[in-house]
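S.K.: pasted the sequence and its predicted model underneath.
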Amino acid sequence: MDQKISIFIPVYRESDLLPTLLQGLLNDPYDQKEIFVIVDEPTKKSLEISEKLGSDVKFILNGKRKGKAYVLNEAVKESSGDILLFLDADITPPNPYHLLNSVSEEMKNADIIEIKKNVIRDSFLARVINYDYLSFNSTNWIFSRTLGRCLGFNGAAFAIKRKAFESLSGFRRVVSEDLDMGIRSFINDCNFKYVNKVQVYNKVPSSWNEWFRQRKRWGIGAALWLKEHYKELLLVVRKNPKVLLSLLLIFPSLPLFVTNMLVPNEIYLKIISILLLFLATKAGLLLHPILFTSIGVALIKNAFASVASFVVYSLLFYYLARKLRYAFNPLEFTVFYFIYSPLWLLIIIASIIKVAINHDKVDIDWKI
């Protein structure tokens, strides 16, 4: 007999993709299912959807914003499924007619599954963000195959057995509730599986301003997560050093950043530069070629390192894109590597510094 699946979709105000998502889930032939849509501060559009589909879907309408983690925990209490499937309202499954059956099959030998996320490629920025999703999905694909556990997952589409959810005491009221549940599931030895057979498509920011607002929240959430769990993370790294490799996938700019920040130029170059600058004070005509030589060496060194790293990452991401069936375009990846990835890394670093220095005054527009 099929296990019952309880599906939870949190919404803040409204979502353009919600009707399509609900219709796909209702048309899914998997019988043992129940659908909960929890809407904080519903708009007229959300109310119209609830009136139209209210007989088949259980809508929980909150007049004020209660927060994602809180409302999901409360909705789980009202559900009766053996499997809990959490879907964000900004996704659309391309193959809804076999999504739930696949979830049921994959959950037979896993406590938690993460469903593959792809990107709705409706803008150039979205096509660049595609490689961000590829890196995170690849990381958990590797974790799934090597460790059978994960440190964090993308909460836009994942399923967990009720027993595992209850053993973890549900979502904690933190900014990054999915990262938080991921590391707690790792510590508690929950069996994790990355599912590539089915996928959902995420609606992602189409403008840089929208992207920055989203990533500012994600950066603060990751920094708070790191501050709270750094001791556990150190223990995990000590026992499983290869988890550090995930950082190289998620942040391709990290190797160059670390190299430039921590690895000094050769000592003899510094000594020669000092001597030449001293001589330049005695003979002004030497100043320009000396500066050109010293700067040129640094520029050539950095350029060589950048090109070499770019080639390595291009080949790696191309391989992963083929393996996980993602789109790969050299121009888009170039923008991702040289512009997008460094910006995202800087946001993370700035968020970590901000949280470390002034934790009590961190303010983001996110209700937990």
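M.R.: Yep, that arrived. Numbering: from 1, shown residues only.
S.K.: going forward, measure contacts and count neighbours with C-alpha atoms only.
M.R.: OK.
S.K.: name every strand pairing with the longest strand belonging to the chain and say which way it goes.
M.R.: Among the elements of type strand in the chain, defined by DSSP state E, the one spanning the most residues is strand 192-202. Partner strands for strand 192-202, per DSSP bridges, with pairing direction: strand 91-92 (antiparallel), strand 112-119 (parallel).
S.K.: any chance you could list what contacts it?
M.R.: Residues lying outside strand 192-202 but in contact with it, judged by C-alpha atoms under 8 Å, 6 or more residues apart in numbering, are 90-95, 99, 102, 106, 110-120, 140-141, 144-145, 148-150, 156-157, 324.
S.K.: among the residues you listed, the buried ones, what's the PyMOL command?
M.R.: Selecting in PyMOL just the buried members of the contacts of strand 192-202, where the criterion is 16 or more other C-alpha atoms under 10 Å, is done with this command:
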select buried, resi 90+91+92+93+99+106+110+111+112+113+114+115+116+117+118+119+120+140+141+144+148+149+150+156+157
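S.K.: circling back: which stretch in the strands paired with strand 192-202 is the model least sure about?
M.R.: Per-stretch averages of pLDDT across the strands paired with strand 192-202 put strand 91-92 at the bottom, with a mean of 91.
S.K.: who's in contact with the most centrally placed residue in the chain?
M.R.: Note on the chain: the residue nearest the mean C-alpha position is Asn154, at 5.3 Å, using C-alpha atoms, centre = their mean. Taking C-alpha under 8 Å, 6+ apart as the criterion, Asn154 is in contact with 114, 178-179.
S.K.: how close does it sit to Ser341?
M.R.: Taken as C-alpha to C-alpha, to the nearest Å, the spacing of Asn154 relative to Ser341 amounts to 18 Å.
S.K.: any chance of the strands paired with strand 192-202 in JSON lines, plus distance to Asn27?
M.R.: Below are the strands paired with strand 192-202 laid out as JSON lines (distance: least, C-alpha to C-alpha, whole Å):
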{"stretch": "strand 91-92", "distance to Asn27": "13"}
{"stretch": "strand 112-119", "distance to Asn27": "19"}
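S.K.: where does the chain have its least confident helix or strand?
M.R.: The element with the least model confidence among the helices and strands of the chain, by mean pLDDT, DSSP states H and E, is helix 267-282, at a mean of 54.
S.K.: quick one: the helices in the stretch 251-368 of the chain, in order.
M.R.: For the stretch 251-368 of the chain, the helices identified by DSSP state H, counting those that start in this stretch occupy 254-262, 267-282, 287-324, 330-335, 341-357, in order along the chain.
S.K.: which of the ones you listed comes out lowest on mean pLDDT?
M.R.: Looking at these, the bottom one is helix 267-282 with a mean of 54.
S.K.: so Leu244 sits against Val237, correct?
M.R.: Yes - with contact defined as C-alpha atoms under 8 Å, Leu244 counts as touching Val237 (6.9 Å).
S.K.: low pLDDT regions in this protein?
M.R.: With pLDDT under 70 as the threshold, the chain has low-confidence stretches at 1, 95-97, 259-303, 359-363, 365-366.
S.K.: if you set the cut-off to 80 instead, what comes out?
M.R.: Applying pLDDT under 80 to the chain flags the ranges 1, 94-97, 256-305, 358-368.
S.K.: and it, what are its domains?
M.R.: With domains defined by automatic domain parsing, the chain comprises 5-206, 248-361.
S.K.: just these: most buried one?
M.R.: When you average the neighbours per residue for each of the domains of the chain (mean count of other C-alpha atoms under 10 Å), domain 5-206 leads with a mean of 19.
S.K.: report the distance from it to the chain centre.
M.R.: For domain 5-206, the distance between its averaged C-alpha position and the chain's averaged C-alpha position is 13 Å (C-alpha atoms, centre = their mean, to the nearest Å).
S.K.: endpoints of it, how far apart?
M.R.: With C-alpha to C-alpha as the measure, the ends of domain 5-206 fall 33 Å from one another.
S.K.: any idea how far apart the tips of stretch 113-124 sit?
M.R.: Distance between the boundary residues of stretch 113-124 (C-alpha to C-alpha) amounts to 30 Å.
S.K.: who touches it?
M.R.: Under C-alpha under 8 Å, 6+ apart, the answer for stretch 113-124 is 106-107, 126-127, 129-130, 133-134, 137, 153-154, 157-160, 192-204, 206, 326, 332.
S.K.: stretch 235-255 now?
M.R.: The set of residues that contact stretch 235-255 without belonging to it, under C-alpha under 8 Å, 6+ apart, is 132, 135-136, 138-139, 313, 337-338, 341-342, 344-345.
S.K.: how far does it sit from its chain's centre?
M.R.: A distance of 15 Å separates the C-alpha centroid of stretch 235-255 from that of its chain, computed with C-alpha atoms, centre = their mean.
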